[in-house]
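>>> Could you look at this predicted model? Sequence included:
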Amino acid sequence: MSLCRTRLQEERKQWRKDHPFGFYAKPVKAADGSLDLTQWTAGIPGRSNTLWQGATYPVTIYFPEEYPSKPPRVKFPAGFYHPNIYPSGTVCLSILNESQDWRPAITLKQIVIGIQELLDSPNPNSPAQEPAWKAYSKDKAAYEKKVREQAKKYANAM
Amino acid sequence: MVGAGGIGCELLKNLVLSHVGEIHIVDLDSITLSNLNRQFLFRQKDIDKSKSLTVAEAVEAFNYLNVKLVPHHGNIMDSDLFPVSWWSEFSYVFNALDNLEARRYVNQICLYLKKPLMESGTTGYDGQVQPIYPYVSECFDCQPKATPKSFPVCTIRSTPSQPVHCITWAKEFLFAQIFDETSTNDQSEADRANQRRKLESETEDKAEIENMLRENDEFNELRNIVKSKTSTKDSNFFEVLVNKIFSTDIERLLRIDSLWKSRRKPTPLRIESYTKALKELSAERSAKDIVVDETRVWSVLENLFVLQAASSALHERLASSESFISFDKDDDDTLNFVVASANIRAFIFGIELKSKFDIKQIAGNIIPAIATTNAIIAGFSCLAYLNYFNQITSSDSFHKAFSSSSTIFTSIRPNKYITSAALIEPSKKCPSCSHARGILRFSPEDLNNMTLEGLIQLIRDHYGFDDDISVILGKSKLIYDYDLEDNLQKKLTEINGFKAGETLLIQDESDALENLELYIDTNTSGKTLFPTLKLKEKQMDNDGENKDEDMPEQGEVISLDDDEVVELDEPVETRKRGKESLDGSSKKAKL
C-alpha cells in the first residue's frame, strides 16, 4: 500500500544522499528496466580488525507489503557461515523481528549497520545453524579458519 | 454494495425495503454450508451458487417497491471488470466486506471519485459502521489497522511456547512441506546440484555440506514415500514421520544446549512406548469416533491414533488421484493431521493441548460471526445512508453530512451496547487521503505513442514540479527517478503493467510539493486529460514529530540482543478503532 511505496522511495533517496562507507544497497532491476522497490540487494563490508575484514558480504532484503509496520527479511546466500544465520541464509536478528525490537522507524541504514555488527558479535544464545554455532562455542580456531575462508570468497577487489 | 455475505444479506434486505432506486451487488464468493446460519437469504439448495446472483434473486420475493437489482459475480479489485467508468455511475457505495485488502481498494476508488462510502464490519459482538466522506472525514486508511501477527521462524521451528506456535508449525511447515505443492522443498535436481556446487565452493568439509543441506532435504524422504504410488498398506510412512518429527528432530534440538538454558527442555516422544496401546485402541475404536469429538481435548494416544489415520488417508489420496493437497480447514483429513501433529508437538514441549474445535479456529483464521451483530450493523448502515440522502439538497453535502453523521459501535459491554462518536477530520499523515489524487485519462493515441519522458514532462509542467520527480507504477514498481533513466525513451505501452486501471505515484524529489497519485484510464473520445488539481506544499511537521517517527536521526542505539522472548496477541484482529473510540468520548447516536 501507499505507505510502503512512499517509505521505500524515501529510503532510496536517503541512501543516495548519505550511506555508510563500503556499503551498497539498491532495488533489484527487472528485465523491463524498472526497479522492484520491495526487493533490494545490498553489500555489507566486514569491519576492519575483525575476522570479517577485507570482504563485502551480499544480502538480499525483502520488504513485505505491510512494511514499515512489519520488518523486512534479510538473507545471505544459502549456507552462509555464521552462528545466527539459518542454513537458508535468513538472518536471525532482534531488530528484524516483529515481536522483538522491530520498529517502523528503523531505517535501511540502521539495518545494514546492525547486520555488520552481528557478523563479528554473534549471539551464542540464539543459534540458527549447527556448524558455525558449534565451532564458535567449542572450537574457536576452526571457527576462525572458516570465517577467514569465507572472507576470501567474498573478498573485495584490490 | 460490495460483499453479499453476513452484513450484505441483511443490508440488501434493508435497502430493498427502503426503496432505493438501483442497487448493484458485487461478490466473488460462492455459498457454503457454514454461511447458512446467518446469511439468511441463502438456503441449502443454493450451496455452491454465486452469492451475488443468488442474493439478488432471493430479495425479489419481497421486492414490493420494484428496486432494480444488478448482480455481478467477480472480484471488486478487477479493474477490467469494474473500471472507473462503472464506479462513476453510483451515488453511494457500501462496503460489506470481510478483508482488509478489498476494503482498502474500495476506499481508494471512492477517494479518486469522491464518492460517499459506508464502511462496516463485525467481529463477534463488536460491530462498527463508519461513513466516509472523501477528504472531509477520516478515510479507511486514516487510522492504522493492526495486521495479523506473524511469528519468527526461530520460535516456530525450535522453541515454541504456545499452542499457536505448534499449530503454525503443523500447518505452515510440516503439512505444507509434505503434502502441498507450493513447498520450497520441492526443488528440482538441477536446483539441488546448483546449491551443492555453491556450497562446495565455500567449504571442503563434506560432513558440513551434508549438514547444511539437511535442513532443505528434511522432508524429502517423507515426500518420496507419499509421492511413490506404492500401496499405503505396505508403507511405513507413519512410522518414519513420527520418528523423524517427534524424536530425531527433537533430539537434534536438544543438542543445542544454549537453547535450553532458560527454557524447559522438550522430551522426545518414544513411539515404541505407544505401539501396544495404539494397537489395542485401533482394535477397539475407529479414529472416526475420535475425530468427531471436536470440543474435547484428546489424549496423546488419541492424537497419535488420529495422526495415523489422517496420514494414511492423505497418503491414499495422493497415491490415487490428487497430485498435491493444500490445507483447508473444511477438508477434514488435512485438519485432523494438523490438529494431531500440533498437539503431539505441544505435548513434547510441555505446552497445553487444544481441542479440534479450538485448533480449527486458529488454523483456519476463523472470526466468530454473530447474526444479530450483522443485522444491527446493517440496520445502522442503512439508516445512516437514508440520513445522508435527506440532506444532499445543498451543494456542500459532504460538509453538512460530516457534522450530522457518526461512527457507530456495538459491543457486549454493559452500558456500551451501542455508542457513537462524531466523525473526525482526515489525518494529515494518512497514507491514502493526505495527498492529491485524480484520474488521468489518456487518449488511445497518446497511450500508444507517448514516451515516458513525454509523460514526465507533461506531469511536471501541469502540476508545477520544479525539481525532479520519481514515478512508481502500481504497488512497488519504480519506473523513473533521478537515478533510473532506462525507461525514458520507451513508449508507455512498452512498460510492463502500464495500462488502464493501474496507478502512478508521483513524488517530488525535493519534497516541495505533496505526493500525487494518478489513476490511469482511457478517454476514447478526444484528448488526454489531466485531472485539475492544485498541489499543496508538502506537510513537513515543524515540530519534527513526524521525522522522529518515520525516519529517526542516525546514531540511535539499537540493541542486538537476540533473546527469543515472544509476546503474542490474538491471531486475528482487523478492527482496531472500535475499542479506542468506545471510551469516554462516546455519546448518543445521531440518526
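On my side now, so go ahead. Numbering: from 1, shown residues only, chains lettered A, B, ... in the order given.
>>> in the strand or helix carrying A:A132, what counts as buried?
Secondary structure from DSSP states H and E places A:A132 in helix A:130-138. Residues of helix A:130-138 classed as buried: A:130-137 (neighbour count, 16 or more other C-beta atoms under 10 Å in any protein chain shown). Yep, even glycine has a C-beta here, placed from its N, CA and C like the rest.
>>> next one: stretch B:465-477
Within stretch B:465-477, the residues scored as buried using 16+ other C-beta under 10 Å are B:465, B:469-477.
>>> mind saving the C-alpha coords of it as PDB?
C-alpha atoms of stretch B:465-477 as PDB (Å, rounded to 0.1, in the frame of the first residue of the first chain):
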ATOM      1  CA  PHE B 465       7.200  20.400 -10.000                       C
ATOM      2  CA  ASP B 466      10.400  22.400 -10.000                       C
ATOM      3  CA  ASP B 467      12.700  19.600  -9.200                       C
ATOM      4  CA  ASP B 468      13.000  16.100 -10.300                       C
ATOM      5  CA  ILE B 469      10.200  13.600  -9.600                       C
ATOM      6  CA  SER B 470      10.000   9.900  -9.100                       C
ATOM      7  CA  VAL B 471       7.300   7.700 -10.600                       C
ATOM      8  CA  ILE B 472       6.100   4.400  -9.100                       C
ATOM      9  CA  LEU B 473       3.700   2.200 -11.100                       C
ATOM     10  CA  GLY B 474       1.300   0.000  -9.200                       C
ATOM     11  CA  LYS B 475       2.400  -1.400  -5.800                       C
ATOM     12  CA  SER B 476       6.100  -1.100  -5.900                       C
ATOM     13  CA  LYS B 477       7.500  -0.700  -9.400                       C
END
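>>> I would like the residues contacting it, please.
Under the criterion C-beta atoms under 8 Å, 6 or more residues apart in numbering or on different chains, residues A:1, A:4-5, A:8-9, A:13, A:30, A:34-38, A:63, A:65, B:452, B:456, B:459-460, B:478-482, B:495-498, B:502-510, B:512-513 lie in contact with stretch B:465-477.
>>> ok, now with 6 Å
With contacts defined as C-beta atoms under 6 Å, 6 or more residues apart in numbering or on different chains, stretch B:465-477 is touched by A:5, A:9, A:34, A:37-38, B:478-482, B:497, B:502, B:504-510.
>>> And for stretch A:51-59?
A:42-46, A:74, A:76, A:119-120, A:144, A:147, A:151, A:154-156.
>>> Same question for stretch B:163-175.
With C-beta under 6 Å, 6+ apart as the test, stretch B:163-175 has contacts from B:151, B:155-156, B:160, B:327, B:338, B:341-342, B:345-346, B:351-352, B:354, B:359, B:362-363.
>>> same check, this time on stretch B:51-61
By C-beta under 6 Å, 6+ apart, stretch B:51-61 touches B:4, B:12, B:16, B:25, B:27, B:29, B:31, B:41, B:46, B:69, B:71-73.
>>> Tell me who's in contact with B:A313.
B:D333.
>>> which element is it on?
In this assignment (DSSP H and E), B:A313 forms part of helix B:300-320.
>>> list the buried ones in that helix?
B:300, B:302-319.
>>> Tell me the gap between it and the middle of its chain.
Per C-alpha atoms, centre = their mean, to the nearest Å, the displacement of helix B:300-320 from the mean C-alpha position of its chain is 30 Å.
>>> what's the next secondary structure element after it?
helix B:332-348.
>>> any idea which helix or strand comes after that next one?
Following helix B:332-348 in sequence, per DSSP H and E, is helix B:356-363.
>>> Need the three-state assignment for the closest residue to B:I424 other than its chain neighbours.
Among residues not flanking B:I424 along the chain, B:E138 sits closest, at 4.8 Å (C-beta to C-beta, 6 or more residues apart in numbering or on different chains). At B:E138 the chain is in coil, as set by DSSP: H, G, I helix; E, B strand; the rest coil.
>>> go on, B:C9?
Strictly by three-state DSSP, B:C9 counts as helix.
>>> tell me the contacts of it?
B:39-41 are the contacts of B:C9 under C-beta under 6 Å, 6+ apart.
>>> ok, now with 7 Å
B:39-41, B:55 (C-beta atoms under 7 Å, 6 or more residues apart in numbering or on different chains).
>>> Determine which two of these are furthest apart.
Comparing every pair within these by C-beta to C-beta identifies B:F40 and B:V55 as the most remote, at 10.3 Å.
>>> mind listing what residue 73 touches?
Went with chain A since none was named. A:62, A:90.
>>> my question was about chain B
Going by C-beta under 7 Å, 6+ apart, B:H73 touches B:28, B:50, B:52-53.
>>> Specify the beta-bridge partners of it.
Judged by DSSP bridges, the bridge partners of B:H73 are B:D27.
>>> in chain B, which spans are strands?
Taking DSSP state E as the test, the strands found in chain B are B:22-27, B:68-73, B:93-95, B:117-123, B:126-132, B:406-410, B:418-422, B:436-442, B:469-473, B:477-480, B:503-508, B:516-522.
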